[in-house]
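Asker: Coordinates for the following, if possible.
(3 chains)
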Amino acid sequence: MPELPEVETVVRLVRPRLVGRTITGLVVTWPRALGGLSPARFRARVVGTRIRALRRRAKFAVFELERSGRAAGYLLGHLRMTGRFHVEDDSFDSGPYRRLSLSLDDGRWFHFLDVRKFGRLTFTPSLDALERALGPEPLEPAFTAEWLLAALRTRHRQLKPLLLDQGFLAGLGNIYVDEALHASGLHPRLVAARVDAAGATRLHAAIRSILSAAIEREGSSFDTFYRTPEGQPGQYQEQFRVYGRDGQPCRTCGCTLLRLVVGQRGTHVCPRCQPAPRARRARAAGRRGAPSKRA
DNA sequence: AGCTACTCCTGGTAGC
DNA sequence: TGCTACCAGGAGTAGC
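Answerer: Here you go, the predicted model:
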């Protein structure tokens, strides 16, 4: 699934073919890909603009638009499960899953393909709402072990759904959360506030190193869906230590890996590397009266 | 606040 | 061989 490393890879690959281009036309074959704006309104906002910059934020591709040299809003692309971007000339066969296309002033087309129709390419005049909804970028300097520890301390959710929450930390999805939790020896059901400083430090380091390594290998392609815009699969799936490996031996300790469901998500753990949190049935009763280790 | 359930989609596959 | 049923999953929403 496209998560941060896959989106980063896609953005890097299509950026040189899009930045500086003017959008000259629009073909919409799946209007819901526009996220609610009618094709006519979308066309009015987008056609005639020039793509000033293209960057990634969380799992979004952010197209910065200008008209006559003045800022003219943004296109937000989200690949969700199966979305793909292609920039191609007329000879490209876009196949049956093309949801919309933008024609460009160099004669090429930007195609948005998406088998499962969850992906979106929306227009927004401002990024304010997006920024309010998103947590920090895990590869930016603002994401520090100290920040993570402090943020975990205030949360009483299980780690897995918390790390998947884009409002907590941006860009992680099911694969890289499982990998990061395994690498840091933390169980996905552990309540965030119970992670100690050492655990938060390991988690911070794991998130950064795993995402960086995955970007270097152009993301993960474990099924037929994700491909770089060049049509190449990513290579990081070869590095998976837990994701999709249930029933196989842990590459760290040899123990058989398990598949759990946590927060309605398939979740992969090593029962030895990631000890399950103790059941705390008396928690509600003990919360106030029990002596606290923290000040 | 945080949980579960549900929704959106369709290709792939397990089971018969 | 062919059918059906179910699953995957990011993110939004509803209800508790």
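Asker: For A:Gly107, give its distance to A:Arg189.
Answerer: Separation of A:Gly107 from A:Arg189 (Cβ to Cβ, to the nearest Å) stands at 53 Å. Using the backbone N, CA and C atoms, a C-beta is placed for each residue, glycine as well.
Asker: Settle it for me: which of those two has more neighbours?
Answerer: More crowded of A:Gly107 and A:Arg189, by other Cβ atoms under 10 Å: A:Arg189, with 18 against 9.
Asker: is it true that that one lies in a strand?
Answerer: No - A:Arg189 sits outside any strand when classified using DSSP: H, G, I helix; E, B strand; the rest coil, being coil.
Asker: how much space between the nearest residue to it once chain neighbours are set aside and A:Leu100?
Answerer: Once flanking residues are discounted, A:Arg189 sits nearest to A:Gln158: 5.0 Å by Cβ to Cβ, 6 or more residues apart in numbering. Remark: distance between A:Gln158 and A:Leu100 (Cβ to Cβ) = 37 Å.
Asker: cool, and A:Phe143?
Answerer: Separation of A:Phe143 from A:Leu100 (Cβ to Cβ) stands at 33 Å.
Asker: DNA strand B contacts on the stretch 1-150 of chain A?
Answerer: Counting by Cβ under 7 Å from any atom of the strand, the positions of the stretch 1-150 of chain A adjacent to DNA strand B are A:Arg32, A:Met81, A:Val115, A:Arg116, A:Lys117, A:Phe118.
Asker: Looking at the residues you listed, which one is closest to A:Val242?
Answerer: A:Met81 (20.4 Å; Cβ to Cβ).
Asker: Pretty sure that closest one sits in a helix.
Answerer: No - assessed with three-state DSSP, A:Met81 is coil; it does not lie in a helix.
Asker: I'd like to know how many residues surround it.
Answerer: Neighbours around A:Met81, by other Cβ under 10 Å: 15.
Asker: Same question for A:Pro141.
Answerer: Neighbour tally, A:Pro141, other Cβ under 10 Å: 7.
Asker: tell me the secondary structure for it?
Answerer: A:Pro141 falls in the coil class when you classify it by three-state DSSP.
Asker: Please tell me how far it sits from A:Arg208.
Answerer: For A:Pro141, the distance to A:Arg208 - Cβ to Cβ - is 11 Å.
Asker: Just the strands from the stretch 51-200 of chain A, written as ranges.
Answerer: Using DSSP state E, counting those that start in this stretch, the strands of the stretch 51-200 of chain A run over A:60-67, A:70-78, A:83-88, A:98-104, A:109-114, A:120-124.
Asker: tell me the contacts of the one residue in the stretch 151-295 of chain A that gets nearest to DNA strand B?
Answerer: The nearest approach of the stretch 151-295 of chain A to DNA strand B comes at A:Arg157, 3.5 Å away (Cβ to the nearest atom of the strand). Residues near A:Arg157 by Cβ atoms under 8 Å, 6 or more residues apart in numbering: A:Asp165, A:Val191, A:Ala192.
Asker: tally of neighbours for the nearest residue to the second one once chain neighbours are set aside?
Answerer: In this structure, A:Val191 finds its nearest non-sequential neighbour in A:His156, 5.8 Å apart by Cβ to Cβ, 6+ apart. By the measure other Cβ under 10 Å, the count of residues near A:His156 is 11.
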